[in-house]
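J.: Based on what follows, work out the 3D shape:
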Amino acid sequence: MDVKLLRSRILRWTLLSVAAVGTALGGAMMSASNSAHAGSSLEERKQPMRFSWVACEPNCGWVSAVGIITGDSPKDFDDFSKTRDLTGTTVVLDSSGGSVNDAIALGRRFRELKLRTTVGISVRGRRPGEAARITPEAYCESMCVFLLLAGTTRYVPERAHVRVHQIWMGDRADDAKAASYTAQDMMIVERDIGRLAKYTFDMGGAGDLLSLALNVPPWEDLHELSHGELGLTNLVTTQIAADVLPQGRPAIPMAELTPKGQDRFGAASPDADKAPLKSTRTAEAVAPASTGATTPAQ
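T.: Numbers count the residues shown, from 1 in each chain. Below you'll find the model as predicted:
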């Protein structure tokens, strides 16, 4: 079957994401200096995921992963990883999510290389001698949360946003209540939830992550995980920024965090009245080849 035709049979889904966290990654992770960085990152998050190497010193650096996870992302990462030995390095994520099955495949590649993960926007020095840095005002939503989970060590800065939502068929997510669904649709939902559950446990995550995500339907805002929920789900494994930063950086303890938003399993915080932004509905699930699935809304 022609590749383009095969891709046209992809069903779009929605798994929109997870919560807020962490503190500035000392030295390397700093507040965004101006709105230009935020605007640039927003535009990049709308594009297919791009991997790039950010050097901080002659012998150190990290991987920047920005954008939507697509069917090409696992191969793109494989091609990128052939250019250098990435074993044990850090991936800095800034993404609104993407394909369920391709995120699972990409996450397993991360784990095979024993990569560490965090959330942030990579900013390269603009002038000679200016060091690259990571700003914390970034988003990891939907299936990006499960890429974060793939890290052997996982750190989330305080001003980053990790947010979750239910899996849903993307071509019907904008008006999910009015849409109709077939038994085949429900089979695909059940199958991919099972795949995601197995992956979550394989990566060392807790069932609470799935429970929090599956409690949020597509007609509600994404749920931003509080500091407590990040620990409950086992998304965060360290409170020391240096555990995910390049070698040679000083260890900086994570500041005490105030929970953001309302815990699904707890009390509302003082910030509960601040409604989170809507995420793009980008997660996908590939239908079995024998089903003859129709082309989804793009």
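J.: What is the end-to-end distance of stretch 159-177?
T.: 33 Å (CA to CA, to the nearest Å).
J.: Likewise for stretch 59-71?
T.: For stretch 59-71, the end-to-end distance is 32 Å (CA to CA).
J.: Return the helix or strand in the chain with minimum mean pLDDT.
T.: Lowest on mean pLDDT, DSSP states H and E among the helices and strands of the chain sits strand 20-21, with a mean of 30.
J.: in the longest helix along the chain, what's buried?
T.: In the chain, with assignment by DSSP state H, the single longest helix is helix 183-202. By neighbour count on 16 or more other CB atoms under 10 Å, the buried set for helix 183-202 is Asp185, Ile188, Val189, Asp192, Ile193, Leu196, Tyr199, Thr200. Using the backbone N, CA and C atoms, a C-beta is placed for each residue, glycine as well.
J.: now swap in stretch 229-245 and tell me
T.: 229-239, 241-245.
J.: Closest one of those residues to Phe51?
T.: Val244 (17.0 Å; CB to CB).
J.: and Asp174, that one's in a strand?
T.: No - in this structure, Asp174 is coil, not part of a strand, as judged by DSSP: H, G, I helix; E, B strand; the rest coil.
J.: For it, the count of nearby residues, please.
T.: 14 (other CB atoms under 10 Å).
J.: Repeat that for Ala103.
T.: Ala103 has 29 nearby residues by other CB under 10 Å.
J.: What of Tyr139?
T.: Quick note: Tyr139 (other CB under 10 Å) scores 28 neighbours.
J.: Show me where this structure dips below the pLDDT cut-off.
T.: 1-41, 58, 129, 246-298 (pLDDT under 70).
J.: give me that answer again for 50
T.: 1-36, 248-298 (pLDDT under 50).
J.: hang on, the earlier thing: out of the buried residues of helix 183-202, which comes closest to Phe80?
T.: Scanning the buried residues of helix 183-202 for proximity to Phe80, where the rule is CB to CB, the winner is Tyr199, at 21.7 Å.
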